[in-house]
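>>> this one's sequence-less:
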Ligand SMILES: Cc1ncc(COP(=O)(O)O)c(C=O)c1O
C-alpha cells in the first residue's frame, strides 16, 4: 500500500467526521469554528470529549495516545488526581476575589527554589502577557527602547514577538547572517518592526556584530533555548554562553523564555546550559493545565515594580485556581519524574535515529528529554541549526502524511511535527510510538 497525502486526509476526515461537523457549526459564530487557529490539524481540529491520563477521548469516541498535550502544557497528562484534588479543595471556597489568597506565594517559592536565576516572580494569565511584562521590565531598567529576538523564536502574540517567526523566502527575510524584521501577521505597526532587532540562531559572530551595532538602543535579548512554535531548533551551548557574555558586556538584559523548556529540566533548561539569564518567562506547566504565565528573575530588576513605577496588573493575574493547580503539578514533577521522562524521550529519539541511519532514511528526531521534534529531511543525517534549515530542507508532504497517519492509528502528535511526553506515560507507550513511526516511515520511503 502506498500512503498518499490524499488518502491519509480522506481517512482522517472519515475518522474525525464529528469534529468536521462541529467545526462547521462553530464557524457560524467563531471565525474558523474555534478561537485558537493553532489547533487545526490539517482540515480541522479534532474535538475532544474528555481526557484521562495519557489519553484523549475525541468527540467521535476515539481514544488517542496524547503526544500533543496542549502544545507541551500537559506535563501530567489529563485529569491527574493531584491536580483534581487541589482544584476540588479550592472550588467550594470561591475562586474570584479582589484579594490575594494565601497559597499564591508557594508557586513562586517553588520556582525560586528550583531555578537559580529566579529570586522574584510575578504571575499573569499567559506567557504572552509575561513576555510583554519582561520586555517592559527590561526597558524600564535599561532606559532603552528596542528588543532583540531570534529569528524563529516564539514568545506569544505580542506585536514585537510576531516579528520574524517564520522566515519564508517569499517574505524577503534578508540574508541568513543579517535577518530583516518581517511581520508574522497582518496588523503589526511599522514602528514595531523598527523596534525589533532580529538575530540568527546559532550564529554567534553575526549576533555579536548586530548587537554591537545596536547596543545603545537594545534593552534585552529574548530567546528560547530550544524553540517550539517557530520550529524546533536546539541552541548550541557555546552560542548561548557567547550571547550571555556579549549582552553582559553591552549592558543588554538577557531573557530566557522557558515557557516550554521548564518541562525539560527540574532547574529549567538553563541549568543544563550552565548559563544564568537576568529574567525568565514561564507558562504552560506552571499552571497545571490552567491559564498562567510568570516573569521572574533578579530581585533588583523588580524593585521598580514594588514602587509602582513599572505597571503590572490584570484582573485574573495569579488566579487562585491556576496557582493551586500549578503547585500540585510542580510538586508531582520532582527530580526523579523529570529523569524518567528524560529517559523516555532519549529512548524514542535514539531508537528512531539509529534505525533511520541504518536504513538510510532521511528522517530525524531532535530535541531533548520530554520535548522532541521530528523532520523528514532532504538527505539522511541532515542537521538543523536554524529555522531557515527547516524551511529549506524539510519535506512538507511527508511531514503531513506522517501526522495524519499517526492520528489515524490512534497517536496524537503536534501537527507541526513535535512531541510532548507526559508523566502518566510508560515504556509501552514509547514503544507504541516507535513501532508505529517505523511502520509509517518505512511505507513512506519504500512505498510498501
Ligand atoms: C516559548 C513560548 N513563549 C510564549 C508563549 C505564549 O504563551 P501563551 O500561549 O500562554 O500566551 C508560548 C506558547 O506556546 C511559547 O511556546
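Sure, I can see it. Worth saying up front: this structure is predicted, and the values here are computed from it rather than measured. Residues are numbered from 1 along each chain as shown.

>>> after the lowest-mean-pLDDT helix or strand in the chain comes which helix or strand?
In the chain, no helix or strand scores lower on mean pLDDT, DSSP states H and E than helix 303-306, which sits at a mean of 83. As assigned by DSSP states H and E, the chain's next helix or strand after helix 303-306 is helix 320-332.

>>> and the least confident helix or strand of the chain, how far from the chain's centre?
Centroid separation for helix 303-306 versus its chain: 29 Å, with CA atoms, centre = their mean, to the nearest Å.

>>> now swap in stretch 336-351 and tell me
For stretch 336-351, the distance to the chain centre is 18 Å (CA atoms, centre = their mean).

>>> now stretch 276-283
Relative to the mean C-alpha coordinate of its chain, stretch 276-283 is positioned 14 Å out (CA atoms, centre = their mean).

>>> wasn't residue 239 part of a helix?
Yes. Counting by DSSP: H, G, I helix; E, B strand; the rest coil, residue 239 is part of a helix.

>>> for burial, what's the neighbour tally of it?
20 (other CB atoms under 10 Å). C-betas here are computed from N, CA, C, even on glycine.

>>> that one touches residue 200, doesn't it?
No. Using CB atoms under 8 Å as the test, residue 239 is too far from residue 200 to be in contact (10.0 Å).

>>> list the residues that contact both of those two?
Here residue 239 and residue 200 have residue 207 as joint contacts, going by CB atoms under 8 Å, 6 or more residues apart in numbering.

>>> flag every buried residue along the least confident helix or strand of the chain.
304-305 (16 or more other CB atoms under 10 Å).

>>> how about the residues of the stretch 51-200 of the chain near the ligand?
71, 126-128, 131, 154-156 (CB under 6 Å from any ligand atom).

>>> domain parsing for the chain?
As given by automatic domain parsing, the domain ranges for the chain are 5-75+335-446, 81-332.

>>> just the mean pLDDT for stretch 37-57, thanks.
Taken as a whole, stretch 37-57 carries a mean pLDDT of 97.

>>> ok, residues contacting it?
Contacts for stretch 37-57 (CB under 8 Å, 6+ apart): 9, 12-13, 16, 18-20, 22-23, 32-34, 58-59, 61, 63-66, 71, 74, 77-80, 229, 400, 403-404, 407, 412, 415, 422, 424-425, 429.

>>> in CSV, list the residues of the stretch 51-200 of the chain next to the ligand along with neighbour count and distance to residue 296.
Shown next, in CSV, are these (neighbours: other CB atoms under 10 Å; distance: CB to CB, whole Å):
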residue, neighbour count, distance to residue 296
71, 18, 21
126, 19, 15
127, 28, 12
128, 19, 16
131, 29, 12
154, 24, 19
155, 29, 15
156, 20, 16
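
>>> tell me the two of those residues that are most distant?
Using CB to CB, the two most remote members of these are 71 and 131, lying 15.4 Å apart.

>>> state which helix of the protein is the longest.
Longest helix in the chain by number of residues (criterion: DSSP state H): helix 335-359.

>>> sec struct for residue 9, please.
helix.

>>> same check on residue 161?
helix.

>>> where does the stretch 201-350 of the chain get nearest to the ligand, which residue?
residue 259 (3.5 Å; CB to the nearest ligand atom).

>>> and that residue, which of the three is it?
Assignment for residue 259 (three-state DSSP): coil.

>>> leaving out chain neighbours, which residue sits closest to residue 271?
residue 265 (5.1 Å; CB to CB, 6 or more residues apart in numbering).

>>> which pLDDT does the model give that neighbour?
As predicted, residue 265 sits at a pLDDT of 97.

>>> got the contact list for it?
By CB under 8 Å, 6+ apart, the neighbours of residue 265 are 271-272, 338, 369.

>>> so which of the domains of the chain is the most packed in?
Comparing the domains of the chain by mean neighbour count (mean count of other CB atoms under 10 Å), domain 81-332 comes out on top with a mean of 20.

>>> which residues does the closest residue to residue 142 other than its chain neighbours contact?
Leaving aside its chain neighbours, residue 142 sits nearest to residue 219 (4.5 Å; criterion: CB to CB, 6+ apart). By CB under 8 Å, 6+ apart, the residues touching residue 219 are 135, 138-139, 141-147, 252-253.

>>> at 7 Å what do you get?
Residue 219 makes contact with 135, 138-139, 142, 144-147, 252-253 under the criterion CB atoms under 7 Å, 6 or more residues apart in numbering.

>>> could you do residue 142 as well?
Residues in contact with residue 142 (CB under 7 Å, 6+ apart) are 219, 251, 253.

>>> cool, residue 126 as well?
156, 283, 291, 293.

>>> about what we covered before: next helix or strand past the longest helix of the chain?
Using DSSP H and E, the helix or strand that follows helix 335-359 in sequence is strand 363-368.

>>> mind giving me the packing neighbours of whichever helix or strand comes after that following strand?
Downstream of strand 363-368, the next assigned helix or strand under DSSP H and E is strand 371-376. Strand 371-376 is packed against helix 335-359, strand 363-368, helix 396-408, strand 418-420, with contacts defined by 3 or more CB pairs under 7 Å, 6 or more residues apart in numbering; DSSP states H and E.

>>> what about the closest residue to residue 332 other than its chain neighbours, which helix or strand?
Counting by CB to CB, 6+ apart, residue 332 lies nearest to residue 82, which is 5.4 Å off, once chain neighbours are set aside. For residue 82, the host element (DSSP H and E) is helix 81-90.

>>> circling back: now pLDDT and distance to the ligand too, for the contacts of residue 265, in JSON lines please.
Listed next are the contacts of residue 265 as JSON lines, based on pLDDT from 0 to 100; distance: CB to the nearest ligand atom, whole Å:
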{"residue": "271", "pLDDT": "98", "distance to the ligand": "17"}
{"residue": "272", "pLDDT": "97", "distance to the ligand": "17"}
{"residue": "338", "pLDDT": "98", "distance to the ligand": "19"}
{"residue": "369", "pLDDT": "93", "distance to the ligand": "16"}
